[in-house]
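# Return a 3D structure for these sequence lines:
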Amino acid sequence: MTDSPFLQSFVAPICRFTGNHDVTVEELYGTCFLIGSDGIFLTARHVLEKVFTEIKARGGSAGAFPMQVVSDRVVSLAATILDYEFAPEPFDIAVFTTAYRSNTPFRLVQRTVEVWQDVAAMGYPASNVHKSAERLEIQQRAHKGYIQRCIPAGRLHPGNHPNCFELNFSITNGLSGSPLFIYRGATDEVIGVCTHSHESRIVLHSHMDVIEENAEFHEVISRVEEFGIAQDLRPLIDWAPGCLNGRTIGQVMQQV
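Down below sits the predicted model:
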């Protein structure tokens, strides 16, 4: 995975755009990743919900923007979302189809995943977006870390969630929908979809002074911890969305 343009051909930003042949990218909403070889992507459900809400309010179209090398030039392609479906509740996962074609190393297998498992993720954080008068420049960021907690369904506030993985790195705005995978080389084992970060705040010291005329001054020293959350994709291996024409997610992700 050292070839960045190739990497970006199967992990792409999801954007709202305007225009047809000469498109203008208006805004980044999240990340998606290619499964199989026939234009099918996975992402987070809330990413699609947000982009389609914005389209109703502001117009435009929704699509993935993978990059490929064409005639020794790296070009960004607009892969319009043609059809989509949300995974059953309480999953924050969605699948969508496009006319885009590329290979992908991602496979979904039923394997054991425990704490300290080395994992990787890659996506397009909003902090790496640069908007000028001419265009919107979106750059990727890669993470490598480990699983520090396996969270059973319902154990993480606000409770309505499937099995999750707590990561030792954050899933910041724009990284929602990124793949969480175990790097293997020729093929990589996807185990989850990154959805958000969970924040905990611990008060280390609190002090209040009352001075004349009942004025109060508070001093609070806190420690904030933020961890990434990815939802376990393995329970959806037999999910057969209507837009996949009878195939399951597991069958699509076994294609070479």
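
# Quick one: the helices in the protein, in order.
Taking DSSP state H as the criterion, the chain carries its helices at 4-7, 45-58, 249-252.

# and Thr97, which of those is closest to it?
Smallest distance to Thr97 across these (C-beta to C-beta): 10.4 Å, for helix 249-252. To be clear about C-beta, it is placed using only N, CA and C from the backbone, and glycine gets the same treatment.

# Give me the contacts around the closest one.
Helix 249-252 is touched from outside by 35-36, 40, 42, 95, 108, 233, 236-241, 244, with contacts defined as C-beta atoms under 8 Å, 6 or more residues apart in numbering.

# related to what we said a few turns ago, dump the helices of the chain to CSV, plus mean pLDDT.
What follows is these, written out as CSV (pLDDT from 0 to 100):
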stretch, mean pLDDT
helix 4-7, 61
helix 45-58, 97
helix 249-252, 95
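
# right, and those - which one's nearest Val75?
Among the helices of the chain, helix 4-7 sits nearest to Val75 (C-beta to C-beta), with 9.3 Å.

# Check the helices of the chain for me and report the most buried one.
helix 249-252 (a mean of 20; mean count of other C-beta atoms under 10 Å).

# Run the chain-centre distance for that one.
Centroid separation between helix 249-252 and its chain, computed with C-alpha atoms, centre = their mean, to the nearest Å, is 19 Å.

# about what we covered before: can you list which of the contacts of helix 249-252 are found in strands?
In strands, defined here by DSSP state E, the members of the contacts of helix 249-252 are 35, 40, 42, 95.

# who's the first one bridged to?
With beta bridges defined as DSSP bridges, Ile35 has these partners: Ile40.

# State the pLDDT value of it.
Among the per-residue scores, Ile35 holds a pLDDT of 95.

# residue ranges with poor pLDDT in the stretch 151-256 of the chain?
Counting by pLDDT under 70, the stretch 151-256 of the chain contains low-confidence ranges at 200-205, 207, 210, 212-214, 222-224, 255-256.

# if we can go back for a sec, from the ones in strands among the contacts of helix 249-252, pick the one nearest Arg101.
When those are compared against Arg101 (criterion: C-beta to C-beta), the nearest one is Ile40, at 10.5 Å.

# correct me, but that closest one touches Ala94?
No: using C-beta atoms under 8 Å, Ile40 is not in contact with Ala94, being 11.3 Å away.

# what is in contact with those two at once?
Overlap of the contact sets of Ile40 and Ala94 (by C-beta under 8 Å, 6+ apart) is empty.

# Restricted to buried residues, select the contacts of helix 249-252 in ChimeraX.
The ChimeraX command for the buried members of those (criterion: 16 or more other C-beta atoms under 10 Å) is given here:
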select :35,36,40,42,95,108,233,236,239,240,241,244
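
# Tabulate the contacts of helix 249-252 (a markdown table), appending distance to Glu27.
Listed next are the contacts of helix 249-252 as a markdown table, based on distance: C-beta to C-beta, whole Å:
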| residue | distance to Glu27 |
| --- | --- |
| Ile35 | 25 |
| Gly36 | 27 |
| Ile40 | 24 |
| Leu42 | 21 |
| Val95 | 22 |
| Leu108 | 30 |
| Leu233 | 27 |
| Leu236 | 28 |
| Ile237 | 33 |
| Asp238 | 35 |
| Trp239 | 29 |
| Ala240 | 32 |
| Pro241 | 26 |
| Leu244 | 28 |
